[in-house]
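Asker: what follows is a predicted structure for the sequence shown.
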Amino acid sequence: MSKQLITALYMVPGLPHLLAAEQSPQGEELRQAYGRVGKEIAASEAEVILYFSSQWFSVLGTMVQGRREISGKQVDGNWHHLGTLPYHFIIDTSLAELCCQEISASGVPAKLIDYQGFPVDTGCIVAQTLLNPDARLASAIVSFNIYSNEAAMVALGEACRQAVEQHGKKVAVVVVSGLSQHFFTEPMDPRADAIYSAGDDQWNRRILDLMEQGKLDEVVALCPEFAQEAAADLGFKAICWLRGMCAANPLASAAVYSYQAIWGTGAGVCKFTLAPEAQLLAKPRELGAIVVLDGTKAPAPVGAYPHARRVGNQLFLSGIGPRLPEGRGIAGVEWDEEGKLVAYDISLQVRQVFANIAAILEEFSLGLDAIVDVQVFLTAMKNDFADFNRVYAEYFDLQTGPTRTTVEVGALPTPIAVEFKVIAEIR
């Protein structure tokens, strides 16, 4: 992508407290940081602001605002005591249509929304009011599918990036998302606002520190844990979308303009800077490359999906099990005369999973040491976890290994007992 088309990328909070007439000291600092972002966008050559808000969530596929002019008033359903929120957007319908086309082309159902009265989410209203109050710049707004995982969000961002490239106009990208999302549930003096817990604060600072170092891939890998430990805003998957938006040009760093609390939640205003083209290194395979092996190195997929897909400097593998290459069955299983499964060896199955993953990574000139996150699915946690864990430790250690999540599932698509879902980094 021509990097010049994206003038800047930002993350801003979207709770309606920031539009209240009276502000806490924390809210005032966040508003000042918002003002800094607004001035930067106004001074840039951006013609459009592309919004992606965790508060406009969709269930089936993705929606894109397609009506030329959107005006109205809204009362936030959770914070109705804060009053009416007026809004006004001028939508760049050409970019909206291209986003819809590219998202659909990526395999995700997408719908262009073009009728009077369709609501705008609070997050976009807050951002528009503080960044572009007179609608001087056109906008585009893409919805957040709450059932998309991290990889799907990255792919969605990449589809929007491709739409920007086709559109040809310069764009400021604004992600509207909070950090930790534990709220205080009792009345309090806003002047005493603070992050809900020390643990939430530690997680927020860890995430912001990684972003300042430009380690967005690590942030993406940590999203599930961040969500579990600190109730990250819808899994913090909006940042995965931003990762896809800058897939062609990795981030050099992020500047944190402000980090404060809003009613106990974590709120940050950040600016992301893309790496200069001179710093970009040649990488194996093209950006967005999809790999489907011929079945002689790794077992063929059992559905309509590839073995792996590259997005930026990340490689997302589909679920990989212990099936043998060239259609030779499943490792470590015993069948009776009627073809029914009677026993399996979890250790052999885990080793075959690693062999299959290694074969796929080799296509990108990578080894197992490139893996940054592993999700493990076992069908019999009580019986198999100890043996699985022992074999797993033969490949990774505590100090240098990837993050890992292990869960039990009722069944897997074929009669296998284990499956891995991994993310690797192309260095």
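Answerer: Nice, thanks for sending it over.
Asker: which stretches of the stretch 1-150 of the chain form strands?
Answerer: Under the criterion DSSP state E, counting those that start in this stretch, the stretch 1-150 of the chain contains strands at 6-12, 48-58, 62-65, 69-75, 84-90, 110-113, 138-145.
Asker: in JSON lines: the ones you listed, plus mean neighbour count, distance to residue 345 and mean pLDDT.
Answerer: Yep, even glycine has a C-beta here, placed from its N, CA and C like the rest. What follows is those, written out as JSON lines (neighbours: other Cβ atoms under 10 Å; distance: least, Cβ to Cβ, whole Å; pLDDT from 0 to 100):
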{"stretch": "strand 6-12", "mean neighbour count": "23", "distance to residue 345": "47", "mean pLDDT": "94"}
{"stretch": "strand 48-58", "mean neighbour count": "24", "distance to residue 345": "43", "mean pLDDT": "96"}
{"stretch": "strand 62-65", "mean neighbour count": "24", "distance to residue 345": "43", "mean pLDDT": "96"}
{"stretch": "strand 69-75", "mean neighbour count": "14", "distance to residue 345": "59", "mean pLDDT": "94"}
{"stretch": "strand 84-90", "mean neighbour count": "17", "distance to residue 345": "59", "mean pLDDT": "96"}
{"stretch": "strand 110-113", "mean neighbour count": "18", "distance to residue 345": "45", "mean pLDDT": "94"}
{"stretch": "strand 138-145", "mean neighbour count": "25", "distance to residue 345": "39", "mean pLDDT": "97"}
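Asker: residue 269: which of those strands is closest?
Answerer: Taking Cβ to Cβ, strand 6-12 is the member of the strands of the stretch 1-150 of the chain nearest to residue 269, at 5.4 Å.
Asker: how about the CA coordinates for that closest one, as PDB?
Answerer: Extracted as PDB, the C-alpha positions of strand 6-12 are listed here (Å, rounded to 0.1, in the frame of the first residue of the first chain):
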ATOM      1  CA  ILE A   6      -2.900   7.000   5.700                       C
ATOM      2  CA  THR A   7      -1.900  10.300   7.300                       C
ATOM      3  CA  ALA A   8      -2.100   8.900  10.900                       C
ATOM      4  CA  LEU A   9      -3.700   6.200  13.000                       C
ATOM      5  CA  TYR A  10      -5.200   6.900  16.500                       C
ATOM      6  CA  MET A  11      -6.900   5.100  19.300                       C
ATOM      7  CA  VAL A  12      -9.300   7.100  21.400                       C
END
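Asker: okay but residue 323 is in contact with residue 299, surely?
Answerer: Yes. Using Cβ atoms under 8 Å, residue 323 is in contact with residue 299, at 3.9 Å.
Asker: shared neighbours, those two?
Answerer: Where contact means Cβ atoms under 8 Å, 6 or more residues apart in numbering, the residues bridging residue 323 and residue 299 through contact with each are residue 356.
Asker: which one of the two has more residues nearby?
Answerer: Here residue 323 and residue 299 are set side by side on neighbour count (other Cβ atoms under 10 Å), and the busier one is residue 299, at 25 against 22.
Asker: helix, strand or coil for that one?
Answerer: Using DSSP: H, G, I helix; E, B strand; the rest coil, the secondary structure recorded for residue 299 is coil.
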